[in-house]
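Colleague: here's a sequence, model it:
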Amino acid sequence: MDILTFLSKIFESLSWPGTVLLLAWFFRNPVTNLINRIRSFHKEGDKFSVKLDAAIQSVPDASEKHIPDDVKSLTHQLPIKAVEKSWEALEETATYATQISMSPSLSKIADTLINKDLLTKQEAKTFYDLGKLKDEALSGNAVITDVSSGSYASIAYTLADKIKGKKT
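Modeller: A predicted model of the protein is given here:
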């Protein structure tokens with residue numbers, strides 16, 4: 001084997017690895033940014049669970065018994081839909097109980113629930129937090145599992161039942 005054949009074989013065997021390394025070097029910033037975005041997305045999902053855990057602590061009597069059967073089945077099939085439906089039920093109950101007209105803000109409803117002694121300050125804060133969590137879930141900025149949607153529904157329907165119980 002002469003020197004030219006030898007060099008040709010070396011170049012041939014190193015061309016693909018060299019091309020891959022060159023492309024990796026060239027696209028290192030976009031790949032790094034993509035990896036960071038994936039990590040960030042995962043952390044957002046974790047934030048939903050952490051915030052939900054805090055809400056669970058403030059409503060210790062939250063239980064699955066408060067959740068209607070149709071919403072229970074949604075928690076397993078369409079968790080985001082279960083969160084949305086649970087929030088709608090809570091918001092409807094709170095809006096009716098406070099008798100506020102004209103699309104009130106979450107903070108306005110929460111303050112009125114406190115002023116009418118329908119919820120404690122901590123429960124009203126949880127009401128507000130559930131509204132914000134619902135927004136995160138529906139915007140796609142949170143990872144919702146069947147377990148977290150079940151917890152969300154438990155809290156939402158427990159608060160709705162408390163509002164109904166004190167309103168009557």
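
Colleague: for this protein, just list every one of the helices.
Modeller: For the chain, the helices identified by DSSP state H occupy 3-26, 28-58, 69-77, 79-98, 106-115, 121-139, 146-167, in order along the chain.

Colleague: show me what the fourth one is packed up against.
Modeller: When contacts are defined as 3 or more CB pairs under 8 Å, 6 or more residues apart in numbering; DSSP states H and E, helix 79-98 packs onto helix 69-77, helix 106-115, helix 121-139, helix 146-167. In short, each C-beta sits where N, CA and C put it, glycine included.

Colleague: just name the most buried of these.
Modeller: Of all the helices and strands packed on helix 79-98, helix 146-167 has the most neighbours on average by mean count of other CB atoms under 10 Å, namely a mean of 21.

Colleague: rewinding a little: the helices of the chain: lowest mean pLDDT?
Modeller: If the helices of the chain are sorted by mean pLDDT, helix 28-58 sits at the bottom with a mean of 70.

Colleague: can you say which of the helices and strands packed on helix 79-98 is nearest to residue 18?
Modeller: Each of the helices and strands packed on helix 79-98 was scored for nearness to residue 18 using CB to CB, and the closest is helix 121-139 (43.9 Å).

Colleague: which other helices and strands contact that closest one?
Modeller: Under the contact rule (3+ CB pairs under 8 Å, 6+ apart), helix 121-139 is packed against helix 28-58, helix 79-98, helix 106-115, helix 146-167.

Colleague: give me phi/psi at the residue most central in space within the chain?
Modeller: Note on the chain: the residue nearest the mean C-alpha position is residue 142, at 3.3 Å, using CA atoms, centre = their mean. Dihedral angles phi and psi of residue 142 (degrees, to the nearest 10) take the values phi -140, psi 150.

Colleague: with adjacent residues omitted, what lies nearest to it?
Modeller: Excluding its sequence neighbours, the residue lying closest to residue 142 (CB to CB, 6 or more residues apart in numbering) is residue 48, at 3.7 Å.

Colleague: what about that neighbour, distance to residue 66?
Modeller: The spacing between residue 48 and residue 66, counted by CB to CB, to the nearest Å, is 21 Å.

Colleague: correct me, but residue 123 touches residue 60?
Modeller: No - assessed by CB atoms under 8 Å, residue 123 is found out of contact with residue 60, at 10.8 Å.
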